[in-house]
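Student: Okay, sequence plus prediction incoming.
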Amino acid sequence: DVKVTQSSRYLVKRTGEKVFLECVQDMDHENMFWYRQDPGLGLRLIYFSYDVKMKEKGDIPEGYSVSREKKERFSLILESASTNQTSMYLCASSKGRGNQPQHFGDGTRLSIL
Amino acid sequence: GQQLNQSPQSMFIQEGEDVSMNCTSSSIFNTWLWYKQDPGEGPVLLIALYKAGELTSNGRLTAQFGITRKDSFLNISASIPSDVGIYFCAGQKASGTYKYIFGTGTRLKVLA
């Protein structure tokens, strides 16, 4: 089975802090994704990466950056956390460049105070 | 970004009843996925559909890829309390990127 592991289930940070969310997958998947999930808005794509050191903006990249130094690891960075970034963050991975399904981690519920 | 229209938004049903939900789009898709998300967890893949008209089952769940390629349907037969959760559809456009567009979810509550 595909395993996507997010480093924290719950995280509380303060406004202005730099926040790192980590995601690791163990299936040698090429593609990795970061979403945020908010009530009534569904899943919104923040950034994705289709290869090491490659990254592309999703639908809502403002206030975020990402890093993919190794194939198995994809990090989401909140440069200066704000209260409107309080959300559930989901990492996903998928194989290849076709229509393979995305597999999700259990999510990180981030609260910015 | 584009969202898929998923309906109903929520539903309460009695244990043992069958459930139907659907997902529609104005665009053509080449792949449809259905996920279930339990409270506090990440979405788990239930069924993947790759061809128009395809009908695929996973236990009591059956999903269909609409023949217009603009919709998909999920049915759950004989619901049980552990079916509670949020069901998401996701579609990939025929242009063939590896990104998926997600529906807003159907929240299912089962009354014992």
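Tutor: The structure has been received and is ready for your questions.
Student: Can you name the residues of chain A that neighbour chain B?
Tutor: Proximity of chain A to chain B, by C-beta under 8 Å from any C-beta of the partner chain, involves residues A:4, A:6, A:31, A:33, A:40-45, A:48, A:50, A:58-60, A:90, A:94, A:96-107, A:109. (Glycine included, C-beta is placed from N, CA and C.)
Student: Return a selection command, for use in PyMOL, containing the buried ones of those.
Tutor: The following PyMOL line selects those of those that are buried, judged by 16 or more other C-beta atoms under 10 Å in any protein chain shown:
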select buried, chain A and resi 4+6+31+33+42+43+44+45+48+50+58+90+94+99+100+101+102+103+104+105+106+107+109
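Student: Tell me which entries of the residues of chain A next to chain B lie within strands.
Tutor: If you go by DSSP state E, the residues of chain A next to chain B have A:4, A:6, A:31, A:33, A:42-45, A:48, A:90, A:94, A:103-104, A:109 in strands.
Student: so residue B:44 bridges to which residues?
Tutor: residue B:36 (DSSP bridges).
Student: dump the residue contacts of it.
Tutor: Shown in contact with residue B:44 (C-beta atoms under 8 Å, 6 or more residues apart in numbering or on different chains): A:104, B:35-38.
Student: Which pLDDT value goes with it?
Tutor: Here, the pLDDT recorded for residue B:44 equals 95.
Student: Pull the residues that contact stretch A:10-26.
Tutor: With contact meaning C-beta under 8 Å, 6+ apart, stretch A:10-26 is reached by A:2-8, A:32, A:34, A:72-83, A:89, A:91, A:93, A:103, A:105, A:108-113.
Student: Kindly check the end-to-end length of that stretch for me.
Tutor: Counting by C-alpha to C-alpha, to the nearest Å, you get 22 Å between the two ends of stretch A:10-26.
Student: do the same with stretch B:32-46
Tutor: 11 Å.
Student: swap in stretch B:36-51?
Tutor: Length of stretch B:36-51, first residue to last, C-alpha to C-alpha: 21 Å.
Student: Tell me which residues of it come out buried.
Tutor: B:36-37, B:42-43, B:45-49.
Student: Those into TSV, with extra columns for distance to residue B:13?
Tutor: Converted to TSV, these look like this (distance: C-beta to C-beta, whole Å):
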residue	distance to residue B:13
B:36	15
B:37	18
B:42	24
B:43	21
B:45	23
B:46	18
B:47	20
B:48	25
B:49	24
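Student: Out of the residues you listed, the closest to residue B:75 would be?
Tutor: Ranked by distance to residue B:75 (C-beta to C-beta), the buried residues of stretch B:36-51 are led by residue B:47 at 10.6 Å.
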